[in-house]
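**Q** the sequence isn't on hand, but the structure is:
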DNA sequence: TATATAGCCGAGCGTTCTGGTCGGGTATTT
DNA sequence: AAATACCCGACCAGAACGCTCGGCTATATA
């Protein structure tokens, strides 16, 4: 079992997508700025997310990524799976051949743990997270900051207009 | 968060100790044979387990390791912690400074998951595992096999006696 | 007292993964 | 035509895992 920045980045990026869904396709550059994740690394993650059918892409200017399904139908476990971070805690992948072809002493403990974790992450959808007050607060802060950094097109236009 | 063979080996070895507690100190060589774990690797793991106060050692012939406390007072979470595999799922270690000094979007999700896992592994002691029917079955099988392989001193003596 | 046992300890090593960069594509809009 | 933004493969440093090896020290037994 492994849960590192990779899986966390993937979930964070997907949540960012869910939070800004109404804006149409979201570019990776936007996500990169808001969530402070390397753009190239995001590309790699989204390659997998697309292959797993969790997002769809739109190429060209104004393009980006969209959730392939409503946020309520995408759970955290799926996202982590998609970027190849198994949540399985057994060494044998549930095959019970952990110790020379037979079940190891602690086999049942790891399968129990796996079920526990999987159950938890399977029960949380992107929509659930979007609904959380804490998440909305952080999102508001991030949107404000990126707007201040000149990420917001309308604002850019207004500034340029003011300069002329 | 990471849970690999390292943590699994540690728990397995500790359980082996708990299962054979009545025999007195158990040598790593015995555990190595029964659980098919490299002896040198076991030494490294037990170095940490001893530093964490989970086991005590007896040097010299007939020596080995003993649980430092009754099995009922040693939980799985402690063992995994001892070999330095954190069960914490956050990147910031619960400090909420995951994203440029501030809380990241998914912070609460990872803290919730950490609590979930920690609660589960904290609630299971070595004594709990020893009591499980599945574990006793596997242990019986392992003891039988290692005896057949010549691990059992009385049997060895009997065989040698028979040859003369 | 010599020898064997078994815990201790540090150095090193191949492999895998992470997290990331770079350079170059290609589709699409303006 | 140019700019945008997805796409893709190669490459890289660093860290951790799982493991080996060699040598040490304490202790029990012959």
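**A** Cool, got the structure. What you are looking at is a predicted structure, and each value in this text was computed from that prediction instead of being measured.

**Q** residue A:48 and residue A:80 touch, don't they?
**A** No: assessed by Cβ atoms under 8 Å, residue A:48 is found out of contact with residue A:80, at 10.9 Å. (C-beta placed from N, C-alpha, C; glycine too.)

**Q** name the residues contacting each of the two.
**A** Listed contacts common to residue A:48 and residue A:80 are residue A:10; contacts here mean Cβ atoms under 8 Å, 6 or more residues apart in numbering or on different chains.

**Q** looking at those two, which is more packed in?
**A** In this view residue A:48 and residue A:80 are compared by other Cβ atoms under 10 Å in any protein chain shown, and residue A:80 has more residues nearby, 22 against 17.

**Q** got a pLDDT number for residue A:45?
**A** We note a pLDDT of 97 for residue A:45 in this prediction.

**Q** for the helix or strand hosting it, packing partners?
**A** Using DSSP states H and E, residue A:45 sits within helix A:39-51. On a contact count with 3 or more Cβ pairs under 8 Å, 6 or more residues apart in numbering or on different chains; DSSP states H and E, helix A:39-51 meets helix A:5-19, helix A:28-35, strand A:55-58, strand A:64-67, helix A:76-82.

**Q** is it possible to export these to CSV including distance to DNA strand D and mean pLDDT?
**A** Shown next, in CSV, are those (distance: least, Cβ to the nearest atom of the strand, whole Å; pLDDT from 0 to 100):
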stretch, distance to DNA strand D, mean pLDDT
helix A:5-19, 10, 95
helix A:28-35, 4, 96
strand A:55-58, 3, 98
strand A:64-67, 4, 98
helix A:76-82, 14, 94
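
**Q** for chain A, which residues score under the pLDDT cut-off?
**A** A:85, A:87, A:95, A:100-101, A:146-164 (pLDDT under 70).

**Q** return the set of buried residues in stretch A:102-122.
**A** A:103-111, A:113-114, A:116-118, A:120-121 (16 or more other Cβ atoms under 10 Å in any protein chain shown).
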